[in-house]
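[1] Sequence unavailable; structure follows:
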């Protein structure tokens, strides 16, 4: 199995510092979030006890992003999650969430395949590089959830400005594409 297919092992020391065992250096929660956004699985364990702390730290990353105004989870979803801990539905919630995210990833992949197969420009020289840049841009803009709509984003301040900026960038890309086509 290749190293990138194994979970990245992060050890938590008694000082609560997090140590990346692959690069032999200390990392922050933001570094760990970056590894995950890049598609890497992580496992965080307590050095002394060997306890798996991954869930605890992933929840902490989500909580920090939510508290900084980078809301992805609408209030009603958070409320339902809290309720699920005290109801019979709590046993179904993990399977439902996992199935929902799996379906979203599969739908995104199929959509990208369809777009690529229907696009006559796909045979143009340099199109793949441009497509890779676009995918990286979308990944950066959506925190790795490219192709999906982010609940609550339409209500956040500045969303219209962000949308206008994205539209402008898209128009610039289309202009460059039309120049390449000539």
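    Happy to help now that I have it. Remember, it's a predicted structure, so these values are computed and weren't measured experimentally. Numbers count the residues shown, from 1 in each chain.
[2] Give the burial count for the nearest residue to residue 14 once chain neighbours are set aside, as a bare number.
    Spatial nearest neighbour of residue 14, excluding adjacent residues (Cβ to Cβ, 6 or more residues apart in numbering): residue 48 at 6.2 Å. Where you see a C-beta, it was placed from the backbone N, CA and C, and this is true even at glycine. Neighbourhood size, residue 48 [other Cβ atoms under 10 Å]: 10.
[3] One more: residue 33?
    19.
[4] what's the pLDDT at it?
    According to the prediction, residue 33 has pLDDT 93.
[5] Same check on the one 4 residues further on?
    pLDDT for residue 37: 90.
[6] Just confirm it contacts residue 61, I think it does.
    No. With contact defined as Cβ atoms under 8 Å, residue 37 does not count as touching residue 61 (10.4 Å).
[7] hmm, back to that, and what about the residue nearest to residue 14, helix, strand or coil?
    coil (DSSP: H, G, I helix; E, B strand; the rest coil).
[8] Look up the closest residue to residue 42, ignoring the ones flanking it.
    Here the residue nearest residue 42, using Cβ to Cβ, 6+ apart, is residue 8, at 4.7 Å.
[9] Look up phi and psi at that neighbour.
    phi -70, psi 120 (degrees, to the nearest 10).
[10] can you pull the contacts of it?
    20, 21, 22, 35, 40, 41, 42, 43 (Cβ atoms under 8 Å, 6 or more residues apart in numbering).
[11] make it 6 Å
    35, 40, 42 (Cβ atoms under 6 Å, 6 or more residues apart in numbering).
[12] Next up, the contacts around the last one.
    Which is residue 42. Residue 42 sits in contact with 7, 8, 10, 32, 35, where contact means Cβ under 6 Å, 6+ apart.
[13] Of those, which pair is most distant in space?
    The two members of the contacts of residue 42 with the most space between them (Cβ to Cβ) are 7 and 32, at 11.5 Å.
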